[in-house]
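K.L.:
the sequence isn't on hand, but the structure is:
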């Protein structure tokens, strides 16, 4: 679960990271007062991050290896042993 959260957080922050890197490369020789962050396209960066997050969720859902139309069988006891849940 932590892996999924980290992947989604990375996909959400990726546009901000790329924009910050772009600003660093373009403006590193100019003044360093941070004025260029005041005019940053935050709406588009957040929307891009949300779009990447949604795409990541869809890709992970389709590539998880489970049949989307399968039936979930919850964990149960069988011969005195716990059998983990699965999708059949």
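P.N.:
Thanks, I have it. Everything numeric in this text was worked out from a predicted model, so none of it was measured. Numbering: from 1, shown residues only.
K.L.:
please make it C-alpha for all contacts and neighbour counts, starting now.
P.N.:
OK.
K.L.:
low pLDDT regions in the protein?
P.N.:
Applying pLDDT under 70 to the chain picks out residues 1, 28-37.
K.L.:
helices of that one, start to end?
P.N.:
Using DSSP state H, the helices found in the chain span residues 2-27, 35-38, 42-62.
K.L.:
columns distance to residue 79 and mean neighbour count on top of those, output as CSV?
P.N.:
Formatted as CSV, the helices of the chain follow (distance: least, Cα to Cα, whole Å; neighbours: other Cα atoms under 10 Å):
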stretch, distance to residue 79, mean neighbour count
helix 2-27, 33, 14
helix 35-38, 63, 10
helix 42-62, 33, 15
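K.L.:
to residue 82, which of those lies closest?
P.N.:
Minimum separation from residue 82 across those (Cα to Cα) falls at helix 2-27, 24.6 Å.
K.L.:
any chance of JSON lines for the helices of the chain, columns distance to residue 84?
P.N.:
Shown next, in JSON lines, are the helices of the chain (distance: least, Cα to Cα, whole Å):
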{"stretch": "helix 2-27", "distance to residue 84": "20"}
{"stretch": "helix 35-38", "distance to residue 84": "50"}
{"stretch": "helix 42-62", "distance to residue 84": "20"}
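K.L.:
nearest to residue 85, out of these?
P.N.:
That would be helix 42-62 among those, by Cα to Cα, at 17.8 Å.
K.L.:
which residue lies farthest from the center of this protein?
P.N.:
residue 79 (40.6 Å; Cα atoms, centre = their mean).
K.L.:
could you measure from that residue over to residue 51?
P.N.:
For residue 79, the distance to residue 51 (Cα to Cα, to the nearest Å) stands at 47 Å.
K.L.:
one more: residue 84?
P.N.:
From residue 84 to residue 51 the distance is 34 Å (Cα to Cα).
K.L.:
list the residues that contact the residue nearest to residue 50 when sequence neighbours are not counted.
P.N.:
Leaving aside its chain neighbours, residue 50 sits nearest to residue 12 (5.8 Å; criterion: Cα to Cα, 6 or more residues apart in numbering). Residues in contact with residue 12 (Cα atoms under 8 Å, 6 or more residues apart in numbering) are 46, 48, 49, 50, 52, 53.
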